[in-house]
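Enquirer: my questions concern the predicted model and sequence given below.
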Amino acid sequence: MSTVPDPQPVHTPSAEPADGTDRPGIEFGVVRPPDEQAHRQAVARHDGLTKPAGSLGRLEELGVWVAARQGTCPPRPFDRPRVVVFAGDHGIATNGVSAYPSEVTAQMVENILTGGAAVNALAANAGAGVRVVDMAVDGETNRTISAHKVRKSSGSLNVEDALTAQQAHEAVTAGRALADEEVDSGADLLIAGDMGIGNTTPAATLIAALTENEPVAVVGRGTGIDDAAWMRKTAAIRDALRRARKVVDDPLVLLRTAGGADIAAMAGFLAQASVRRTPVILDGVVVGSAAMVAEELAPGATQWWMAGHRSVEPGATLVLEHLDLRPVLDLDMRLGEGSGAVSALPVVNAAIRVLAEMASFAEAGIAGPTADEAAGVSPTDAAD
Ligand SMILES: Cc1cc2ncn([C@H]3O[C@H](COP(=O)(O)O)[C@@H](O)[C@H]3O)c2cc1C
Ligand SMILES: O=C(O)c1cccnc1
């Protein structure tokens, strides 16, 4: 799938920059739909396998979903699934909206690099590789992960824009380049993860803006904040939302106003994965907020995404409804890092194996459904 040439870019969300500069908008290629023929073949193949029709429930749907995205039936096991964790600090964290201090971001980046984070354990379980990129960590990080760094900490979005226009452009472009790099290196499944103290506040603001909800409908407990922090967080979302609502029609300006370099890069990454016809498993509320903006940047991008899980964050459910996605898992998780998405990967792998490895009724010499069943006649109808 990585060899398919990209079509010419046609979508220009910010043809007229709202900041009065002559900076160009960001252009993404056309998102083409998954393969209809592979989809039909996978549905038909399921019907011939040695099980009552439909008896593997959503596992059947997941196998069909993969076949249509790979453009082949039966689907292949993923060769190189990759998690890219986008790290960045947020100025709003100094307003007491998180249960943890900003220093934890850089410390957790180090933990991911040395393999000690939840995402490392879960990715190892799923056979996925993990990469972390520093988009806006408040401090210095290893040069190998800071090549795309846009700034140290994004602005405090309750009182100022999270990014300048130039930085928003750079961050989205970096995310797009990272998706290209991964796909060109053979990645056949992509997962975005987040690491950044305070990042559930911009995520909630973006979701409220794009779903036209009030702060109380999107605010969550994040890392586990108490009631006083919840009130500060809700007020911060309210203040940021006043400005965000005015720019909701321009995804790039929205990211600059109320996102951050990490979330902007994730949006570019998710949009480009779809342009490159590479399936994605979405994570929780932070990745979900970026996904909503990515759908605005590259309309139709959602066709290439499945929802790995339902995060307990209220905003995550609003994202699922808005994008019309049904999560694979519902495990009361609320971590981020891509943890919910990569937890779903073994289930998706199981769905691939079912469709690829099960015998058909003919191969196993097992009697298929009765003629009435095969014709779709229910037992009640048949008795009449
Ligand atoms: C040790 C630790 C590991 C994490 N891994 C992901 N997050 C997650 O929690 C943070 C967002 O929640 P809030 O908006 O309340 O700060 C982000 O760092 C996110 O990646 C973590 C948070 C902590 C403390
Ligand atoms: O759902 C998420 O992505 C999430 C939830 C809590 C903290 N950080 C991320």
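Expert: Arrived safely. Ligands and ions are numbered 1, 2, ... in the order given.
Enquirer: so for Thr3, what's the pLDDT?
Expert: Looking at Thr3, its pLDDT is 42.
Enquirer: ok, now which ones touch the residue sitting nearest the centre point of the chain?
Expert: By Cα atoms, centre = their mean, the chain has its centre lying nearest to Leu282, at 3.1 Å. Contact analysis of Leu282 by Cβ atoms under 8 Å, 6 or more residues apart in numbering lists 192, 270, 288, 291, 305-308, 325, 341. No exception for glycine: its C-beta is placed from N, CA and C like everyone else's.
Enquirer: any chance of those residues in a markdown table, plus secondary structure, pLDDT and neighbour count?
Expert: Below are the contacts of Leu282 laid out as a markdown table (DSSP: H, G, I helix; E, B strand; the rest coil; pLDDT from 0 to 100; neighbours: other Cβ atoms under 10 Å):
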| residue | secondary structure | pLDDT | neighbour count |
| --- | --- | --- | --- |
| Ala192 | strand | 99 | 31 |
| Leu270 | helix | 99 | 29 |
| Gly288 | helix | 99 | 29 |
| Ala291 | helix | 99 | 26 |
| Trp305 | strand | 99 | 24 |
| Met306 | strand | 98 | 21 |
| Ala307 | strand | 99 | 28 |
| Gly308 | coil | 99 | 28 |
| Leu325 | coil | 99 | 18 |
| Ala341 | helix | 99 | 34 |
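Enquirer: looking at those, which is nearest Ala204?
Expert: Ala204 lies nearest to Gly288 out of these, by Cβ to Cβ, at 10.4 Å.
Enquirer: ok, for the closest one, nearest residue in space, not its chain neighbours?
Expert: Val319 (3.4 Å; Cβ to Cβ, 6 or more residues apart in numbering).
Enquirer: so how far is ligand 1 from that neighbour?
Expert: 16 Å (Cβ to the nearest ligand atom, to the nearest Å).
Enquirer: just give the number of residues close to the residue of the stretch 1-150 of the chain found nearest ligand 1.
Expert: Taking Cβ to the nearest ligand atom, ligand 1 has its nearest neighbour within the stretch 1-150 of the chain at Ser98, 3.1 Å off. Residues near Ser98, counting by other Cβ atoms under 10 Å, number 25.
Enquirer: same question, Met195
Expert: Met195 has 29 nearby residues by other Cβ under 10 Å.
Enquirer: that one against Thr105, yeah?
Expert: Yes - Met195 is within contact range of Thr105, at 6.2 Å (criterion: Cβ atoms under 8 Å).
Enquirer: anything in contact with each of the two?
Expert: Joint contacts of Met195 and Thr105 (Cβ under 8 Å, 6+ apart) are 87-88.
Enquirer: residue numbers of the chain in contact with ligand 2?
Expert: 200, 222-223, 283-286, 311, 313, 316, 334-336 (Cβ under 6 Å from any ligand atom).
Enquirer: which ones among those residues lie within helices?
Expert: Residues of the residues of the chain next to ligand 2 located in helices (DSSP state H): 200, 285-286, 316.
Enquirer: any weak-confidence spans in the stretch 1-150 of the chain?
Expert: 1-24 (pLDDT under 70).
Enquirer: mind listing the helices for it?
Expert: For the stretch 1-150 of the chain, the helices defined by DSSP state H, counting those that start in this stretch occupy 36-48, 57-70, 103-113, 118-126.
Enquirer: got the CA positions of the third one in PDB?
Expert: Output in PDB follows, covering the C-alpha atoms of helix 103-113 (Å, rounded to 0.1, in the frame of the first residue of the first chain):
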ATOM      1  CA  GLU A 103       8.100  17.900  34.800                       C
ATOM      2  CA  VAL A 104       6.400  14.500  34.500                       C
ATOM      3  CA  THR A 105       6.100  15.000  30.700                       C
ATOM      4  CA  ALA A 106       9.900  14.900  30.100                       C
ATOM      5  CA  GLN A 107      10.300  12.200  32.700                       C
ATOM      6  CA  MET A 108       7.700  10.000  31.000                       C
ATOM      7  CA  VAL A 109       9.300  10.600  27.600                       C
ATOM      8  CA  GLU A 110      12.500   9.200  29.100                       C
ATOM      9  CA  ASN A 111      10.500   6.300  30.500                       C
ATOM     10  CA  ILE A 112       9.000   5.600  27.100                       C
ATOM     11  CA  LEU A 113      12.500   5.700  25.500                       C
END
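Enquirer: counting by contacts, list what that helix packs against.
Expert: Applying 3 or more Cβ pairs under 8 Å, 6 or more residues apart in numbering; DSSP states H and E, one finds that helix 103-113 contacts strand 81-88, strand 129-136, strand 189-195.
Enquirer: element containing the nearest residue to Ala168 once chain neighbours are set aside, please.
Expert: Nearest residue to Ala168 in three dimensions, chain neighbours excluded: Arg256, at 3.7 Å (Cβ to Cβ, 6+ apart). If you go by DSSP states H and E, Arg256 is part of helix 251-258.
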